[in-house]
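Asker: below is the sequence, then the predicted model.
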Amino acid sequence: MTRSTAWFGVVGPCGFIAAWVIGAAVTDREYSSVDDAISQLAAVGADTRPVMTAGMVVFGVAVALYAASLRATWRSPAWIAALTTGVATLFVAALPLDHSDLVDRLHGLAAAVGYVSLAALPLIAARPLLAAGERVLAVAGIVLGAISGIALALSLFVDANGLFQRIGLTATDAWIVASVPVVRRMR
C-alpha cells in the first residue's frame, strides 16, 4: 500500500497545476495569473469553476493519500502536514469565492491552513530525511519550504498575489513530487 499511495504525491500536484494553467488559458473572464488568486478560477459564476474545482479535489484527495505513505515510511509528523494540506484544499474547493461574505471568509481560513501546512511539510520532513541519509531532498525541502512560506505570506500583501501564490504552491508541490521516489525507496 505504501508504494502505491506514494504515487499520489505526483498525481495531486500535477493535477492541481494543470487545472490552474488550463483555467487561466481558457477563461472568458478578464483574469491575470500575476494579479488574481487561483481561487478566482473556481469562484461562483466562473466559467472555469468545474476544471479548477476538479483540480483542487484531485490535489486534496491525492495529497491525503500521499500522507498515508509518509505515515508508514517516516517517523515524523510530516504526514500530518500532508493530510492537513489535503483536507484544507478540499474545504477550499467546497467553499467557492463569491458565494457570500461568510463563505469567502471560511474559504480564506481554509486556504491559510492549507498554505501553512503545505509550507511546513518539507520543513518537518527534513529531520527524518537527514537521519535516513537523504541529504539532497532534506536540504531541498528546507529551501523550498522557506520559499513557499515567504511567497505565500507575501501573496497576502502584494498586488501580484497570483504570482506569489503560484511561486509558493509550486515550490512545495515540486518538493512533494521529488519526494515520491524517496518515499518508495524508504518503505
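Answerer: In hand now; what should we look at?
Asker: tell me where the protein is predicted with low confidence.
Answerer: 1-2, 187 (pLDDT under 70).
Asker: contact partners for the residue nearest to residue 173 when sequence neighbours are not counted?
Answerer: Leaving aside its chain neighbours, residue 173 sits nearest to residue 13 (3.6 Å; criterion: CB to CB, 6 or more residues apart in numbering). For every residue, glycine as well, the C-beta is placed using N, CA and C. Applying CB atoms under 8 Å, 6 or more residues apart in numbering, we find residue 13 in contact with 59, 62-63, 173-174, 176-177.
Asker: ok, of the residues you listed, which one's closest to residue 147?
Answerer: Comparing the contacts of residue 13 against residue 147 with CB to CB places residue 174 closest, at 9.9 Å.
Asker: can you pull out the strands in this protein?
Answerer: Counting by DSSP state E, the chain has no strands at all.
Asker: show me where it has helices.
Answerer: Remark: helices assigned in the chain by DSSP state H are 2-6, 8-26, 49-73, 78-94, 101-131, 135-154, 161-186.
Asker: now for the third one, which elements pack on it?
Answerer: Right, helix 49-73. Counting contacts by 3 or more CB pairs under 8 Å, 6 or more residues apart in numbering; DSSP states H and E, helix 49-73 packs against helix 2-6, helix 8-26, helix 78-94, helix 161-186.
Asker: so which of the ones you listed comes closest to residue 143?
Answerer: Nearest of the helices and strands packed on helix 49-73 (CB to CB): helix 161-186, 8.5 Å.
Asker: tell me which residues of the closest one are tucked away?
Answerer: 161-180, 182-184, 186 (16 or more other CB atoms under 10 Å).
Asker: hmm, back to that, can I get the contacts of residue 13 in CSV with distance to residue 44?
Answerer: Formatted as CSV, the contacts of residue 13 follow (distance: CB to CB, whole Å):
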residue, distance to residue 44
59, 20
62, 25
63, 25
173, 26
174, 31
176, 29
177, 31
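Asker: residue 33: neighbouring residues, count only.
Answerer: 18 (other CB atoms under 10 Å).
Asker: re the thing from before, of the contacts of residue 13, closest to residue 21?
Answerer: For these, the nearest to residue 21 is residue 173 (12.3 Å; CB to CB).
Asker: how close does the closest residue to residue 150 other than its chain neighbours sit to residue 153?
Answerer: For residue 150, ignoring the flanking residues on the chain, the nearest one in space by CB to CB, 6+ apart is residue 168 at 7.6 Å. Using CB to CB, to the nearest Å, residue 168 is found at 8 Å from residue 153.
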